[in-house]
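> below are the sequence and a predicted model; questions follow.
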Amino acid sequence: MKFMLIWRQTEADAWEQLGAIDFEQMLETVGRFNEELIEAGVLLAAEGLAPAEEGVVVDFSAEPPVVTDGPYGETKELFNGFYLINVPTIEDAVEWAKRTPLTGPGFKTEIRRVPTIDEFPQDNEWIKKERAWREANGQL
């Protein structure tokens, strides 16, 4: 099963709480964790995200949608990056999440299962098109 481990910053000053972390040391720490995932054969994808100040939000509460530049004033939790892993159970995903390198007060890792295309109605024209695209790109 595929699971997404989503890194969340839950407090505005969480990065400051980590102290003055040397960037090279952070790269090594994250790199070692990535290497563990690779060696275990469970890593499918991993990405960090640029700071929220560089992002935008498209809010569909109005017509036309409203686009707001970051940072997002009312946001209590920011999505900072993710891992996509392939493990047999959610318990295995939890064990990997417990080992992620960015931990401490103000940080959380959310775990969400990624449904497979087989879980959707196979007679739907859009599912058929997606399946064909996935097969053509070696994703099935």
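Structure's in. What do you need? Being a predicted model, the structure only gives us computed values, none of them experimental. Numbers count the residues shown, from 1 in each chain.
> make it CA atoms for all contacts and neighbour counts henceforth
Fine.
> give the buried residues for the helix or strand that Glu95 is a member of.
In this structure, Glu95 sits in helix 90-98 according to DSSP states H and E. Neighbour-count burial for helix 90-98, counted by 16 or more other Cα atoms under 10 Å, picks out 93, 96-97.
> which one of those is nearest Ile21?
Checking the buried residues of helix 90-98 against Ile21 by Cα to Cα gives Ala97 as the nearest, at 21.0 Å.
> longest helix in the chain, please.
Identified as the longest helix of the chain according to DSSP state H is helix 23-40.
> contacts made by the following helix or strand past it with the rest, please.
Of the helices and strands lying after helix 23-40 in sequence (DSSP H and E), the nearest is strand 43-48. Residues outside strand 43-48 that contact it (Cα atoms under 8 Å, 6 or more residues apart in numbering): 34, 37, 80-86.
> now strand 43-48 - C-alpha only, PDB.
As requested, the backbone C-alpha atoms of strand 43-48 are provided in PDB (Å, rounded to 0.1, in the frame of the first residue of the first chain):
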ATOM      1  CA  LEU A  43      10.700   5.100  -1.000                       C
ATOM      2  CA  LEU A  44       8.600   6.100  -4.000                       C
ATOM      3  CA  ALA A  45       9.000   9.900  -3.800                       C
ATOM      4  CA  ALA A  46      10.100  12.700  -1.400                       C
ATOM      5  CA  GLU A  47      10.000  16.400  -1.700                       C
ATOM      6  CA  GLY A  48      10.400  19.400   0.500                       C
END
